[in-house]
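1. Give the three-dimensional model of this entry:
(one chain, ligands or ions: 1)
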Amino acid sequence: MARITLDLAHAYKANPQNDSDYALLPLKMEFADGGAYALLGPSGCGKTTMLNIVSGLLVPSRGSVQFDGRDVTRASPQERNIAQVFQFPVIYDTMTVAENLAFPLRNRKMPESQIRQRVGTIAEMLELSDQLDQRAAGLAADAKQKISLGRGLVRPDVAAVLFDEPLTVIDPHLKWKLRRKLKQIHHELKLTLIYVTHDQVEALTFADEVVVMTRGRAVQVGAADALFERPQHVFVGHFIGSPGMNFLAAQHQDGRLQLAGHALVASQRLNLPDGPLQLGVRPEYLAPTAPQTPGALPCTVVRVQDIGTYFLLTAEVDGQVLRARLGPEAAVPSVGETVWLRVLGEHTCFYQNEELLA
Ligand SMILES: Nc1ncnc2c1ncn2[C@@H]1O[C@H](COP(=O)(O)OP(=O)(O)OP(=O)(O)O)[C@@H](O)[C@H]1O
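-> Modelled structure (predicted):
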């Protein structure tokens with residue numbers, strides 16, 4: 001296993017001139033030895049580019065990659081001792097499940113008794129023990145992908161295991177099980193794992209730390225609760241959560257906060273710079289409150305949806321939209337009603353130029 005340090009930028013085109021020419025803007029990042037990371041972001045944000053730079057499939061156009069302080073920028077995946085799992089199964093159809101799992105170990109000349117033991121452990125973890133003697137050719141797509149996962153995880157001596165959207169071909173129920181399984185496997189094997197996905201649930205279930213990416217930038221690296229409670233960038237607020245964080249344009253001047261056409265009264269002095277800001281508050285922290293409550297805004301209900309475990313309220317104030325998740329015990333207002341929503345509270349965040357203010 002290895003501590004992986006990136007200090008680099010990457011552009012696929014020569015002579016990049018502006019930010020949009022970069023697949024990865026200049027970044028510094030460290031993956032701790034034995035950590036489980038997810039690279040999360042929408043299509044085209046640079047996840048695969050970063051993964052390929054870590055694996056050695058791609059040399060960054062600028063800067064360096066270090067494993068445990070050793071420069072490996074130009075070293076191949078083999079030299080870096082990386083295991084990889086891709087979107088689609090990479091296995092030998094003519095071999096049995098056991099032979100497939102043993103393959104990376106035989107390549108490394110591990111003694112047969114240790115191979116049997118390790119293959120047994122990995123097969124058990126992935127619930128493949130009953131299929132060890134079956135030929136891979138006859139298996140369903142998700143069983144084949146489990147073999148691929150097993151081949152990625154089987155070597156105990158790898159610097160890191162990299163996963164590129166590995167659960168794409170897996171059916172939804174098994175996907176849910178495998179995500180939890182991978183987390184458990186990480187705790188047992190303590191390998192450094194980096195997992196690419198555009199699915200926030202997948203990232204948040206699997207990883208200790210999620211790297212949220214947008215347009216070639218890693219805008220926040222953090223655990224699930226930090227991404228939820230204190231998004232460092234408005235993109236993280238939007239992208240994490242269902243629905244994402246509410247944002248309202250605000251103006252702060254001499255301790256007074258002007259918001260959606262209203263002067264808001266805060267219970268204590270706000271430590272904010274003067275000027276235009278954005279106020280961010282999660283739908284989970286908005287609930288109808290008594291009229292004129294300090295920090296609350298009068299909003300018109302435009303939609304109420306029953307989502308099953310909660311009601312989703314959509315309301316408008318001064319042309320801006322707010323969403324609130326109401327628990328089953330809450331009184332549900334009707335469309336057209338005015339509700340007071342408390343936007344200013346302990347969970348409220350403020351942003352300037354899209355970045356969280358301290
Ligand atoms: N080989 C390439 N040549 C030129 N441009 C590329 C190449 N690979 C990726 N890009 C561009 O670099 C940017 C980042 O792509 P990348 O594949 O890393 O994103 P991603 O987040 O992994 O997206 P996806 O989830 O769709 O795979 C995109 O604008 C993409 O079009």
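2. residue ranges with poor pLDDT in the stretch 151-300 of the chain?
-> Low-confidence segments of the stretch 151-300 of the chain, defined by pLDDT under 70, are absent; every residue clears the threshold.
3. Look through this structure and tell me its longest strand.
-> The strand of greatest length in the chain, counted in residues with DSSP state E as the criterion, is given as strand 296-306.
4. how's the chain carved up into domains?
-> Under the assignment automatic domain parsing, the domains of the chain span 4-238, 245-356.
5. so which of those domains is the most packed in?
-> Greatest average neighbour count among the domains of the chain goes to domain 4-238 (a mean of 18), per mean count of other C-beta atoms under 10 Å. Quick note: C-beta positions are derived from backbone N, CA and C, even for glycine.
6. end to end, how far does that one reach?
-> Across its full length, domain 4-238 reaches 29 Å between end residues, using C-alpha to C-alpha, to the nearest Å.
7. Tell me which residues are up against stretch 120-135.
-> Around stretch 120-135, the neighbours that count as contacts under C-beta atoms under 8 Å, 6 or more residues apart in numbering are 93-98, 101, 119, 139, 143, 146-147, 149-150, 153-154, 181, 184-185, 188.
8. starting at the chain centroid, how far to that stretch?
-> Per C-alpha atoms, centre = their mean, to the nearest Å, the displacement of stretch 120-135 from the mean C-alpha position of its chain is 29 Å.
9. Any idea how far apart the tips of that stretch sit?
-> Using C-alpha to C-alpha, first and last residues of stretch 120-135 are 16 Å apart.
10. Repeat that for stretch 223-239.
-> End-to-end distance for stretch 223-239: 15 Å, by C-alpha to C-alpha.
11. Restricting the selection to alpha carbons, write the one helix or strand Ala203 maps to to PDB.
-> Element membership of Ala203, judged by DSSP states H and E, is helix 200-206. Provided in PDB are the C-alpha atoms of helix 200-206 (Å, rounded to 0.1, in the frame of the first residue of the first chain):
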ATOM      1  CA  GLN A 200     -23.300  10.200  -4.800                       C
ATOM      2  CA  VAL A 201     -24.900   7.300  -2.900                       C
ATOM      3  CA  GLU A 202     -22.200   5.000  -4.200                       C
ATOM      4  CA  ALA A 203     -19.500   7.400  -3.300                       C
ATOM      5  CA  LEU A 204     -20.900   8.200   0.200                       C
ATOM      6  CA  THR A 205     -21.500   4.500   1.100                       C
ATOM      7  CA  PHE A 206     -18.100   3.300  -0.100                       C
END
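12. Run me through the strand neighbours of the next helix or strand after it, direction for each.
-> The helix or strand immediately downstream of helix 200-206 is strand 209-214, counting by DSSP H and E. As defined by DSSP bridges, the strand partners of strand 209-214 come to strand 36-40 (parallel), strand 217-222 (antiparallel).
13. closest one to the ligand among these?
-> Nearest to the ligand among the strands paired with strand 209-214 is strand 36-40; the distance by C-beta to the nearest ligand atom comes to 7.8 Å.
14. could you dump the closest one to CSV, C-alpha only?
-> Once side chains and other backbone atoms are set aside, the C-alpha atoms of strand 36-40 remain, and they are given as CSV (Å, rounded to 0.1, in the frame of the first residue of the first chain):
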residue,chain,number,x,y,z
ALA,A,36,-10.9,4.5,0.9
TYR,A,37,-11.6,7.4,-1.5
ALA,A,38,-14.2,8.1,-4.1
LEU,A,39,-13.7,10.5,-7.0
LEU,A,40,-17.2,11.9,-7.5
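15. Sounds good, over and out.
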